[in-house]
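**Q** Only the shape, not the letters, is given here:
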């Protein structure tokens, strides 16, 4: 009888570890897929399911573009709020937080050419 109980405990521990690992692992998305971070990106998130902890990878030429994490006003108005985080490596990896996440390129005219995305992470 103790052997059956021991197996149940082991099964419970393994299930807990499995569930913990599933929650801890985020999915990595490459923004713009193989084309990378570029113009006309606003529709890229459509049909994708994002969760808090997922990572967005922005691949781009850093002499031509950047990535700026903005608020809704910055996204809508293509403006960079004071204190916004600006990424410039060309291979930026940004972890999503729960709720709306907004990103733009703030090089002149780029955001206005839809080099921006809004991602809602559950």
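**A** Perfect, I can see it now. Quantities reported herein were computed from a predicted structural model and do not represent experimental measurements.

**Q** Tell me the helix or strand right after the lowest-mean-pLDDT helix or strand in the chain.
**A** In the chain, no helix or strand scores lower on mean pLDDT, DSSP states H and E than helix 2-24, which sits at a mean of 52. Sequence order places strand 28-30 as the next helix or strand after helix 2-24, per DSSP states H and E.

**Q** Grab the most central residue of the protein for me.
**A** Closest residue to the average C-alpha location of the chain: residue 56 at 3.5 Å, with C-alpha atoms, centre = their mean.

**Q** Is that residue bridged to anything, and to what?
**A** residue 29, residue 94 (DSSP bridges).

**Q** quick one, what contacts it?
**A** Taking C-beta atoms under 8 Å, 6 or more residues apart in numbering, we find residue 56 in contact with 28-31, 93-94, 96, 101, 103, 119. Any C-beta I mention is one placed from the backbone N, CA and C, and that applies to glycine too.

**Q** Just give me the closest of those residues to residue 48.
**A** residue 29 (6.7 Å; C-beta to C-beta).
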